[in-house]
Structure formats: C-alpha cells, structure tokens
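**Student:** Return a 3D structure for these sequence lines:
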Amino acid sequence: GGDAGEPDGGLTDAGPPGGGTATSIQIQAVRDAAVGTIMLPVDDAVVTYVKPSFGSDADDEGFFVQAETGGPALFVQTSLAALSPAPEVGQVVDFRAVSRAEAAGGIAYVDMIDMWNVDSAGHDVRFLAQDVTGVDLVTMLDDYAYELVTLTATVVGDFSFAGSNHAGGEIITAGVPTPTSDLVFRLPDAVREITSLGVSCTVDIGPTPLWRFAGTAQPSAWDPADFTLTSCQSPTTGDLVITELGFRFSGGDAGKELVELYNPHEDDAYSLDGCRLADAAGVADPSAVSLGPVFIGPMDHVVIAGPAATSGVSPDAPIGALAIDGMDTITLACACSGAACTDTVDEVDFSAAGFADATDDVTMQLDRLDLEAFDPALANDDLSNWCVTATATYGAFTPARFGTPGQLNEVCPLSCAAFAPHLV
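**Tutor:** This is a model prediction of the structure:
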C-alpha cells in the first residue's frame with residue numbers, strides 16, 4: 001500500500017484516521033460472537049471498500065471496515081441505499097452490529113446494523129493496505145481475511161465456478177509459488193467478461209479486501225479498476241486468428257482500413273507487445289505495424305484501424321502506414337526484434353486473386369460458423385470461408401459501411417464451395 005504522506009489526489013490526509021486499537025478490539029468482538037443477535041458497538045471504524053451486489057447473502061452489497069493495518073476487519077452486508085449518508089470509502093463511521101451471520105464456506109459477516117453515523121469522510125485508506133505478495137495466504141488466511149490487501153499474482157488455472165455469478169482462477173505469488181486450489185483470484189462474471197484477463201496474465205490486485213471460502217484464500221476484484229493487467233503470454237502459431245478485413249472504401253482508403261484479430265481460446269489471454277501486423281511487404285518493412293502492449297482476452301477481439309473519426313471504430317492499436325491492397329497478404333507475427341519475427345501467428349493470403357466478392361465500404365469477414373465449429377486458424381486460409389458483411393453496419397457514414405469490427409461475425413450464405421471443405 002502507499003504511504004499516507006504521498007500525494008493523494010485531494011483526499012483528506014491528517015494522519016491515520018479511526019479509532020485504532022480500541023476499534024480493532026470491537027471489530028474482533030463482533031468476529032468472535034456467535035451467529036445471531038449480538039448488539040455490539042463498533043465506533044470510529046474506517047470504511048475500506050464498498051461492494052456492489054453480485055448475488056445474495058455474503059455476495060450481496062455492503063461495506064468493509066478496519067481500523068489498523070494488521071486488522072482485524074469486518075464485512076457488513078446491508079442495503080447501501082438504506083443508510084444515510086451512504087457508505088463511502090474513506091469514511092470514519094460508528095454503528096451497532098445487531099446480528100452476525102455465517103454463509104456457506106464459513107464466510108462471517110454482519111447482516112444487520114443500526115445506530116449508523118458518519119464521523120468524517122474523505123480519508124486516504126491506503127495506510128491500511130498490506131502488500132501480501134510475499135505472504136503464504138493459504139496458511140495465514142485467518143490472519144488476513146477481509147483485510148485490505150494488495151498483491152502481484154500470475155493466473156495459472158482456468159477460471160471456473162466460484163459462487164453464484166462469480167469465477168475464480170488459480171494464481172501463484174512470491175509467497176505461494178506452487179499452484180493450489182486454495183489460492184484463487186475471484187471476481188464477478190460481469191467484471192471478468194469486460195476485461196482481457198486470462199490464464200498466463202500477471203496482475204496487480206487491490207487494494208481490495210481479502211475474501212475467503214472455507215480454507216480458500218480469494219484475492220478479489222469487484223470492479224475492473226480493482227486490478228491492472230501488467231503482462232500476458234505472447235501468442236504463437238494458431239493462438240490468434242485474423243477474422244475481418246476492411247480495405248476498400250469509396251473516396252479513398254486512407255484512415256479507413258481495419259484488421260480484426262480474434263482469440264478463440266476460452267481461458268488463455270495474450271499480449272501483442274512485440275508483435276507486428278504486416279502486408280505483403282513483410283514484417284521488416286517500415287509499413288509494418290508494431291502493436292505494442294495490447295491485451296486480447298479469452299474469446300475476445302482487438303481491432304487495428306485508423307483513427308475513430310475516419311475508420312468508424314475505436315482502435316485497440318493504430319494501423320499506421322499499413323495499406324491493404326485488393327490482392328495482398330496480411331500477417332500477424334510475434335516475438336519480433338529488429339528486422340525479424342520468430343513466430344508467424346496467423347496469415348491470410350489473398351495475393352493471387354483477391355476476394356472475388358469484395359466491394360466498396362463492405363468488410364470481408366471469416367464465416368462465424370467456421371469460428372465456432374472448426375479450427376479458425378485453418379479455416380481462414382481458405383478464401384471460400386470468407387464473405388462480405390451482409391447486414392451489420394458500423395460508424396455513421398454516408399454511404400453506410402458494412403462490417404462487425406470488434407463484434408461477433410455474421411454467418412456467411414451457404415454455398416457448395418464454402419461447404420465442400422468440411423464434408424467428411
């Protein structure tokens with residue numbers, strides 16, 4: 001966590017807020033109380049995190065409180081709108097814990113409070129965050145549960161069910177270097193689906209409270225802002241697929257061209273840092289695009305294109321000087337250094353005859369059925385598996401532009417030529 005003396009973006013910073021040891025004793029008394037009515041006071045506690053609802057019981061909305069860096073800490077499950085003022089990170093608050101509950105997996109929390117009062121607000125809570133990267137959270141889970149933590153971890157296991165509306169993937173850290181099902185990065189499905197997180201990625205997590213389920217430590221993120229991707233594996237041959245090309249436009253092609261890449265894997269994510277996108281001139285040509293630190297998550301797309309004003313899409317990486325001809329070869333290559341790239345990840349070669357049905361202001365895209373039913377890295381080698389976009393439009397242009405950049409491709413019209421390669 002950060003030092004309370006660092007610049008804090010305008011937050012009040014007049015030394016550690018809250019009640020310190022006296023409040024920690026109260027929090028521990030609540031933690032130790034039996035399930036049921038307890039009527040115990042908690043005074044001068046610091047709100048460290050406000051959790052939105054992603055389910056019921058312990059996964060419902062509420063807030064966490066703590067008073068000292070070493071804990072203890074407490075989760076209060078309550079309707080946020082029912083409290084006035086509403087809980088906010090950085091408040092110092094008083095309340096009475098009316099009853100304590102315990103959900104499946106031994107998740108202890110307060111499920112009813114009264115006598116709510118906010119003493120002050122706007123405090124920097126980073127003084128409470130503990131960096132647990134080097135801690136064995138599996139054996140020391142009881143010592144850190146619900147406390148505000150930060151850590152650097154690498155995702156090594158596929159994401160799977162981790163409670164209603166949540167998924168978790170095994171992680172390793174400096175403190176737990178061997179994969180174990182007792183240490184997982186847990187986050188709501190709705191959050192994971194809008195990020196590029198996947199297996200192989202290294203992430204900085206927190207500051208967020210450390211969640212748990214029985215003996216499983218679950219560093220968590222309830223918002224995309226709760227973690228930062230710092231690196232993912234580099235793709236090799238067949239890992240990513242070129243699935244859409246835009247290269248013919250009325251009034252000239254400059255700034256309008258686009259290339260879509262797709263990650264067909266359900267769990268793996270990749271970084272395009274060290275990768276290049278090239279035309280027939282090759283990866284050593286100055287027109288080749290160095291893609292930089294762009295992440296592509298499981299079953300997700302990235303689009304390399306001109307500026308949004310001219311291309312109609314917000315590009316994940318700029319297409320730069322790359323100019324796609326009607327008869328060309330587009331190559332995605334990685335592990336690039338100097339004039340060479342070690343791995344040719346994917347290539348679409350239409351240099352011999354081009355796409356027969358290519359037309360202005362319409363992208364060429366790989367048939368969605370080939371993406372879903374066959375190996376897309378092989379399917380896109382056969383130009384008969386490509387077709388013009390028939391109905392979907394993008395941007396706001398006259399004439400309209402047809403395409404699905406960054407979105408699911410359309411199904412191509414069925415033809416004997418397209419179907420024949422898949423007959424068995």
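**Student:** Okay, now the sheet partners of the longest strand along the chain, with direction.
**Tutor:** Assignment by DSSP state E gives strand 36-51 as the longest strand of the chain. Paired neighbours of strand 36-51 in the sheet (DSSP bridges): strand 62-66 (antiparallel), strand 92-103 (antiparallel).
**Student:** Please identify the deepest-packed of those strands.
**Tutor:** Of all these, strand 62-66 has the most neighbours on average by mean count of other CB atoms under 10 Å, namely a mean of 26. Heads up, the C-betas are built off the backbone N, CA and C, glycines and all.
**Student:** tally of neighbours for residue 295?
**Tutor:** The tally of other residues near residue 295 (other CB atoms under 10 Å) stands at 22.
**Student:** what's the spatially closest residue to it that is not a sequence neighbour in contact with, if anything?
**Tutor:** Excluding the flanking residues, the one nearest residue 295 by CB to CB, 6 or more residues apart in numbering is residue 196, at 3.8 Å. If a contact means CB atoms under 8 Å, 6 or more residues apart in numbering, then residue 196 has 229, 232, 269, 295, 296, 297, 300 as its contacts.
**Student:** Let me know the closest of those residues to residue 46.
**Tutor:** For the contacts of residue 196, the closest approach to residue 46 (CB to CB) belongs to residue 229, at 28.7 Å.
**Student:** what helix or strand does that closest one sit in?
**Tutor:** Taking DSSP states H and E as the criterion, residue 229 maps to strand 227-231.
**Student:** Buried residues in that strand, which are they?
**Tutor:** By neighbour count with 16 or more other CB atoms under 10 Å, strand 227-231 contains the buried residues 227, 229.
**Student:** Just checking: what are the partner strands of the helix or strand following it?
**Tutor:** Using DSSP H and E, the helix or strand that follows strand 227-231 in sequence is strand 241-246. Applying DSSP bridges, strand 241-246 is found paired with strand 258-262 (antiparallel), strand 364-366 (antiparallel).
**Student:** Let me see the ranges of the helices in the stretch 51-200 of the chain.
**Tutor:** Counting by DSSP state H, counting those that start in this stretch, the stretch 51-200 of the chain has these helices, from start to end: 141-144, 189-192.
**Student:** Let me have these in a markdown table, extended by mean pLDDT and distance to residue 348.
**Tutor:** As requested, those are exported to a markdown table (pLDDT from 0 to 100; distance: least, CB to CB, whole Å):
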| stretch | mean pLDDT | distance to residue 348 |
| --- | --- | --- |
| helix 141-144 | 97 | 50 |
| helix 189-192 | 94 | 30 |
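**Student:** so which of these is the most packed in?
**Tutor:** helix 189-192 (a mean of 18).
**Student:** which strands and helices sit next to the helix or strand following it?
**Tutor:** Next in sequence after helix 189-192, counting helices and strands by DSSP H and E, comes strand 202-213. Strand 202-213 sits against strand 36-51, strand 107-120, helix 141-144, strand 148-155, strand 184-188, strand 216-219, strand 227-231, with contacts defined as 3 or more CB pairs under 8 Å, 6 or more residues apart in numbering; DSSP states H and E.
**Student:** Scan the chain for its longest helix.
**Tutor:** helix 20-32 (DSSP state H).
**Student:** Run the chain-centre distance for that helix.
**Tutor:** 35 Å (CA atoms, centre = their mean, to the nearest Å).
**Student:** Please list the outside residues in contact with that helix.
**Tutor:** Contacts for helix 20-32 (CB under 8 Å, 6+ apart): 19, 38, 40-45, 65-68, 71-74, 97, 100, 108, 110.
**Student:** I'd like to know how far the residue nearest to residue 295 sits from residue 316.
**Tutor:** Counting by CB to CB, to the nearest Å, the gap from residue 196 to residue 316 is 10 Å.
**Student:** same check, this time on residue 31
**Tutor:** 45 Å.
**Student:** out of those two, which sits in the busier spot?
**Tutor:** The residue with more neighbours, out of residue 31 and residue 316, is residue 316; 21 against 18, by other CB under 10 Å.
**Student:** And the helices in the stretch 301-424 of the chain?
**Tutor:** Under DSSP H, counting those that start in this stretch, the stretch 301-424 of the chain gives helices at 308-311, 368-373, 376-379, 416-419.
**Student:** which of those helices is buried the deepest?
**Tutor:** helix 376-379 comes out most buried of these by mean count of other CB under 10 Å, with a mean of 19.
**Student:** and residue 309, what is it in contact with?
**Tutor:** residue 255.
**Student:** Tell me the confidence at it?
**Tutor:** pLDDT, residue 309: 96.
**Student:** With residue 376 instead?
**Tutor:** pLDDT for residue 376: 86.
**Student:** doesn't residue 365 make contact with it?
**Tutor:** No. Residue 376 is beyond contact range of residue 365, at 11.7 Å (criterion: CB atoms under 8 Å).
**Student:** list residues touching both of the two?
**Tutor:** Contacts common to residue 376 and residue 365, judged by CB under 8 Å, 6+ apart, are residue 243.
**Student:** Spatially central residue for this structure, please.
**Tutor:** residue 195 (2.4 Å; CA atoms, centre = their mean).
**Student:** Next one: that one relative to residue 221, how far apart?
**Tutor:** Counting by CB to CB - residue 195 and residue 221 are separated by 9 Å.
**Student:** Leaving out sequence neighbours, find the closest residue to residue 334.
**Tutor:** Counting by CB to CB, 6+ apart, residue 275 is the residue found nearest to residue 334 once chain neighbours are left out, at 4.1 Å.
**Student:** what about that neighbour, how many neighbours?
**Tutor:** Neighbours around residue 275, by other CB under 10 Å: 26.
**Student:** Residues in contact with stretch 221-233: which ones?
**Tutor:** Contacts of stretch 221-233 (CB under 8 Å, 6+ apart): 49, 51-52, 54, 152, 185-188, 191, 194-198, 200-206, 208, 220, 268-271, 273, 295.
**Student:** And those, which of them are buried?
**Tutor:** Here, 16+ other CB under 10 Å leaves 49, 51, 54, 152, 185-188, 191, 195-198, 200-203, 205-206, 208, 220, 268-271, 273, 295 buried among these.
**Student:** That's all I had, so thanks and see you.
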